[in-house]
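A.B. asks: Okay, predicted coordinates and the sequence, questions at the end:
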Amino acid sequence: MRRKGIYLSILLAVVFSVQTSCHVFEKSADNPPAPLMKIMTYNVLYGFNHQKSTKEAADWINKQNPDVLALEELNGFNEKKLGEMAVQWKHNHAVILKEQGFPVGLTSKTPIEIMEKRIEGFTHGYLHCRTAGIDFLVIHLDPHSYLKRQKEADIIVEKAKKLLAENKHVVVLGDFNSFSSTDKERMDKKLELLGSQKKGKNLNNGQFDYSVMERFEKSGLIDICDKLLAGTDSQRFTFPTKIVENEKTEEDQMKFSRRIDYIFPDQNLAKKCTQVLIPREDIQDSISDHFPVIITIRRSE
């Protein structure tokens, strides 16, 4: 009996030691929880400039160290190929909406739960995923008609409102192909851009349309880029880069520049946002015709 008691004491001591060691490891200075979370959206022009710039793109994204990355125009990609590329920026989780047309996708450092993939009723579709405790709606609205975009926006906004009513953290992000009324003053000066769009269905009574973005702005989500970015046109626009053939000079680029890529977090996440960044490095001119948009938020305590 005494020997059994000794064995039991030794066993309890070992268990206590292991538990204590694990507890200390979790809180050690070498493994602190990351206080900030970086979220990025990037329209990558037919799969990173028609797949000619995948290495440069992967290296650049890796340097940005995003926690969650939304991608639009993943042409030529399937989920396996996206997953293999995402590993290069240290994301072991990747989801793609579809394999044909213009897919959107999401990659993350943390596991991704697919909530919905929707194509019906959309030109490109949207992807609803949950990762890092946030519901992400990755979107790429119709590029040809503001009326079509209105219908797509109504569906997405209704989805976001339901999630907000359930007290979910929500971020809607991607290529909205639409203008915000907060940019109206500068947009109204872009007569060359207005003239270039007269042949299509993007103008509303011959003028730039702001009705699509108003749907998102009134939904309970926050246009965080408008809140935190400086007001100058050169600091706000997300399209085009100088990869566009007719907009190689800075002067031409500014004539046709516009903000069409957005990140809309919910109000609680918006309060924790510490930075908005639209990187303008030379490498962007070889990766895509869009610039990426990055926000940084404080994680919940």
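C.D. replies: On my side now, so go ahead.
A.B. asks: Can you tell me the number of residues neighbouring the residue nearest to residue 209 when sequence neighbours are not counted?
C.D. replies: Closest residue to residue 209 apart from its sequence neighbours, by CB to CB, 6 or more residues apart in numbering: residue 146 at 4.0 Å. C-beta here means a position set from N, CA and C on the backbone, and glycine is covered the same way. If you count neighbours by other CB atoms under 10 Å, residue 146 ends up with 22.
A.B. asks: doesn't residue 204 make contact with residue 146?
C.D. replies: Yes - the criterion here is CB atoms under 8 Å, and residue 146 meets it with residue 204 at 5.6 Å.
A.B. asks: Please identify every residue contacting each of the two.
C.D. replies: residue 211 (CB atoms under 8 Å, 6 or more residues apart in numbering).
A.B. asks: Quick check: the gap between the residue lying closest to residue 194 once chain neighbours are set aside and residue 92.
C.D. replies: Spatial nearest neighbour of residue 194, chain neighbours left out: residue 208 (6.7 Å); criterion: CB to CB, 6+ apart. Residue 208 is 42 Å from residue 92, where distance means CB to CB, to the nearest Å.
A.B. asks: More neighbours: which of those two?
C.D. replies: Shown here are residue 208 and residue 92; by other CB under 10 Å, residue 208 has more neighbours (20 against 13).
A.B. asks: If that one is in a bridge, with which residues?
C.D. replies: With beta bridges defined as DSSP bridges, residue 208 has these partners: residue 203.
A.B. asks: so it makes contact with residue 179?
C.D. replies: Yes - counting by CB under 8 Å, residue 208 touches residue 179, with 5.3 Å between them.
A.B. asks: Touching both of the two, which residues are there?
C.D. replies: Contact with both residue 208 and residue 179 is made by residues residue 187, according to CB under 8 Å, 6+ apart.
A.B. asks: now the helices for the stretch 101-250 of the chain?
C.D. replies: Shown for the stretch 101-250 of the chain, the helices assigned by DSSP state H, counting those that start in this stretch span residues 146-165, 184-187, 191-196, 211-217, 224-228, 233-236, 250-255.
A.B. asks: per-domain residue ranges of this structure.
C.D. replies: According to automatic domain parsing, the chain comprises the domains 1-32, 37-298.
A.B. asks: Identify the residue nearest the geometric centre of the protein.
C.D. replies: The centroid of the chain falls nearest to residue 41 when counting by CA atoms, centre = their mean (2.9 Å).
A.B. asks: Angles on the backbone of that one, please.
C.D. replies: For residue 41, the backbone dihedrals (degrees, to the nearest 10) come out as phi -130, psi 140.
A.B. asks: what comes into contact with stretch 174-191?
C.D. replies: 41, 43, 70, 72-73, 104, 126, 138-143, 146, 149, 153, 193, 208-210, 212-214, 216-217, 223, 226, 233, 236, 255-262, 290.
A.B. asks: at 7 Å what do you get?
C.D. replies: Under the criterion CB atoms under 7 Å, 6 or more residues apart in numbering, residues 41, 43, 70, 72, 104, 138-143, 149, 208-210, 212-214, 223, 226, 233, 236, 255, 258-262, 290 lie in contact with stretch 174-191.
A.B. asks: now stretch 115-131
C.D. replies: Contacts of stretch 115-131 (CB under 7 Å, 6+ apart): 68, 93, 95, 97-98, 101-102, 104, 106, 108, 110-114, 135-140, 142, 148, 152, 155-156, 159.
A.B. asks: how about the strands of the stretch 201-301 of the chain, start to end?
C.D. replies: For the stretch 201-301 of the chain, the strands defined by DSSP state E, counting those that start in this stretch occupy 203-204, 207-208, 261-265, 273-277, 293-298.
A.B. asks: elements contacting the fourth one?
C.D. replies: Contacts defined by 3 or more CB pairs under 7 Å, 6 or more residues apart in numbering; DSSP states H and E place strand 273-277 against helix 224-228, strand 293-298.
A.B. asks: So for residue 244, what's the pLDDT?
C.D. replies: Per-residue confidence (pLDDT) for residue 244: 84.
A.B. asks: give me the number of residues near it?
C.D. replies: Other residues close to residue 244 by other CB under 10 Å number 15.
A.B. asks: I figured it was touching residue 291, is that so?
C.D. replies: No - distance between residue 244 and residue 291: 12.0 Å, which falls outside the contact criterion (CB atoms under 7 Å).
A.B. asks: How about residue 226: what's its closest non-neighbour residue?
C.D. replies: residue 182 (4.8 Å).
A.B. asks: Thanks a lot, see you next time.
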